[in-house]
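Visitor: Sequence plus the predicted model coming up.
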Amino acid sequence: MKNLEKKFFSKHDPKILPLLRASVVGIAGAGGLGSSVAVSLARAGIGKLIIVDFDRLEVSNLNRQQYFWTQ
């Protein structure tokens with residue numbers, strides 16, 4: 001896993017990755033925008049994501065969201 005992680009983040013500035021790993025980001029809403037932002041932050045290396053969304057999942061909205069009905 002460490003080798004994969006090292007390759008995945010090899011383009012990051014070595015000074016920045018520890019800051020990203022130590023960061024906590026809160027996202028209000030996991031719809032079309034919030035779920036896309038969460039995926040981007042996770043791929044960037046953010047250490048912890050807190051996602052809050054009180055809406056119910058609607059089948060008609062799944063085409064805009066970054067998760068599946070089973071999730």
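Guide: Structure's in. What do you need?

Visitor: where do the strands sit along the chain?
Guide: Taking DSSP state E, the strands of the chain run over residues 24-28, 48-52.

Visitor: Could you list the buried residues of the single longest helix found in the chain?
Guide: In the chain, taking DSSP state H as the definition, the longest helix is helix 32-44. Buried residues in helix 32-44, counted by 16 or more other CB atoms under 10 Å: 34-35, 37-38, 41. The C-beta positions use only the backbone N, C-alpha and C, and glycine is treated the same way.

Visitor: and the angle for that helix with strand 24-28?
Guide: 160 degrees (axes from the mean of the first three to the mean of the last three CA atoms, to 10 degrees).

Visitor: Show me what helix 32-44 packs onto, helices and strands only.
Guide: strand 24-28, strand 48-52 (3 or more CB pairs under 8 Å, 6 or more residues apart in numbering; DSSP states H and E).

Visitor: surely Trp69 meets Leu62?
Guide: Yes - if you go by CB atoms under 8 Å, Trp69 and Leu62 touch, sitting 6.4 Å apart.

Visitor: Among the two, which residue is more densely surrounded?
Guide: More crowded of Trp69 and Leu62, by other CB atoms under 10 Å: Leu62, with 13 against 8.

Visitor: how close does that one get to Pro18?
Guide: Shown here: Leu62 relative to Pro18, a distance of 36 Å by CB to CB, to the nearest Å.

Visitor: Low-confidence stretches in the chain?
Guide: Counting by pLDDT under 70, the chain contains low-confidence ranges at 1.

Visitor: possible to save the buried residues of helix 32-44 as TSV with distance to Glu58?
Guide: Formatted as TSV, the buried residues of helix 32-44 follow (distance: CB to CB, whole Å):
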residue	distance to Glu58
Gly34	15
Ser35	13
Val37	19
Ala38	18
Leu41	24
